[in-house]
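>>> Quick one, what's the 3D model for this:
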Amino acid sequence: MTVGIVKDNIYLEHITDDYHPENPKRLVHIYEMLKHLDQEGLAYIPPRMATHEEIALIHEHSYIDSIARTSGKAHTDLDGDTATSAKTYEAACMAVGGVLELADALQSSRIDNGFALVRPPGHHAERSGAMGFCIFNNIAIAARYLQQKHHLKNILVVDFDIHHGNGTQHSFYADKSVLYFSTHLYPHYPGTGWFEEIGRGDGVGYTVNIPMSHSMGDEDYLYAFRDVLLPISDIFAPEMVLVSAGFDAHHMDPLGGMALTESGYSAMTRVLLNIAEKHCNGKALFVLEGGYDLKSLTDSVKTVIMELKKQPLYPHTKTGEPAASVVQMTAALKRLLIPYWGHF
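Numbers count the residues shown, from 1 in each chain. Have a look, this model is predicted:
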């Protein structure tokens, strides 16, 4: 396997306050870990600046221009917890461009799968505004780019960050060509992602939310993946699997309250790769989102990369049964989705 990796020091130039959880140290630790991996099977894909036209596949031009105007300014507040620094605009454009370069490399078969280790993250960013540490919605732009440039029809976006990807959901809420599947803590920031949010218009049934309760762990997430995501994916038959990979559901994360382990992330990754291998020649592209405990973030990213290399570090052993609340939630969701997917 050849795993494409996007990394660049420009992503360290998006400067946040020392106390801010989404800070450059997140990538400093991940990049240091990469140095100690067996480099065989890794291909480093250089990022580029995304154009305004590419970013406008998801965002309004006026919003993009407003971020461009922050270039060179030491600090600009965008919302209560999102701000720019002098090079944030460049870093954000390079984050999008890095993901797009990885998508191109996948489509040309230069790599088998990939992980974009970029920041700022993206899944909260809305069409006309920053939100929740996010500037541009990297993964949503990639989905539209793959459709526009590479003429893909069906794209699966899976988001296992602890926070619901409101920006990604809203980008495709009325669109049946992008299936959005999210597991997340609810109620929790940003307050969206209840199981009854299933899309509108042509997109009804193509947004699939599995809200989780506090302290859910490996078996709960895997149950949701296997009971809902797998059968729907078999019907949808994606031509690309895009993953918003946030690691703040790890049991060590300070912003979390969940109980996932490295073994759980490994098993979830394997489920996603099985979907990709069955439907789209293994084409899966992971994009970093959250994760704020430096050790568990780094260890979890390493776990996913090794799974992408088909050298798993944590073969999964079932440790118990899923919580009754997860079983009940998935059953209620499936009843709601029957008109759109049939019995699955």
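>>> how about the helices in the stretch 51-200 of the chain?
52-55, 61-68, 88-107, 138-150, 166-171 (DSSP state H, counting those that start in this stretch).
>>> for those helices, which one sits closest to Lys309?
Nearest to Lys309 among these is helix 88-107 (15.4 Å), distances taken as CB to CB. No exception for glycine: its C-beta is placed from N, CA and C like everyone else's.
>>> one step back: minimum distance to Leu179: which of the helices of the stretch 51-200 of the chain has it?
Minimum separation from Leu179 across these (CB to CB) falls at helix 138-150, 10.2 Å.
>>> right, and Thr269 touches Ile305 too?
No: taking contacts as CB atoms under 8 Å, Thr269 lies outside contact range of Ile305: 9.3 Å.
>>> that older thread, would TSV of the helices of the stretch 51-200 of the chain with mean neighbour count be doable?
Shown next, in TSV, are the helices of the stretch 51-200 of the chain (neighbours: other CB atoms under 10 Å):
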stretch	mean neighbour count
helix 52-55	18
helix 61-68	16
helix 88-107	25
helix 138-150	23
helix 166-171	25
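>>> got a markdown table for the ones you listed, with distance to Tyr206 too?
As requested, those are exported to a markdown table (distance: least, CB to CB, whole Å):
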| stretch | distance to Tyr206 |
| --- | --- |
| helix 52-55 | 23 |
| helix 61-68 | 25 |
| helix 88-107 | 21 |
| helix 138-150 | 12 |
| helix 166-171 | 10 |
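>>> Of all those, which one is nearest Pro254?
Between Pro254 and the helices of the stretch 51-200 of the chain, the shortest gap by CB to CB is with helix 166-171, which sits at 21.6 Å.
>>> That closest one packs against which elements?
On a contact count with 3 or more CB pairs under 8 Å, 6 or more residues apart in numbering; DSSP states H and E, helix 166-171 meets helix 138-150, strand 178-185.
>>> can you do 10 Å?
Helix 166-171 makes packing contacts with helix 138-150, strand 155-159, strand 178-185, strand 207-212 when contacts are defined by 3 or more CB pairs under 10 Å, 6 or more residues apart in numbering; DSSP states H and E.
>>> can I get the ones you listed in a markdown table with mean pLDDT and distance to Pro231?
Shown next, in a markdown table, are the helices and strands packed on helix 166-171 (pLDDT from 0 to 100; distance: least, CB to CB, whole Å):
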| stretch | mean pLDDT | distance to Pro231 |
| --- | --- | --- |
| helix 138-150 | 98 | 22 |
| strand 155-159 | 99 | 13 |
| strand 178-185 | 98 | 12 |
| strand 207-212 | 98 | 11 |
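>>> Let me know which of those is the nearest to Arg48.
That would be helix 138-150 among the helices and strands packed on helix 166-171, by CB to CB, at 12.6 Å.
>>> chain center to the closest one: distance?
Mean-position distance between helix 138-150 and its chain equals 14 Å (CA atoms, centre = their mean, to the nearest Å).
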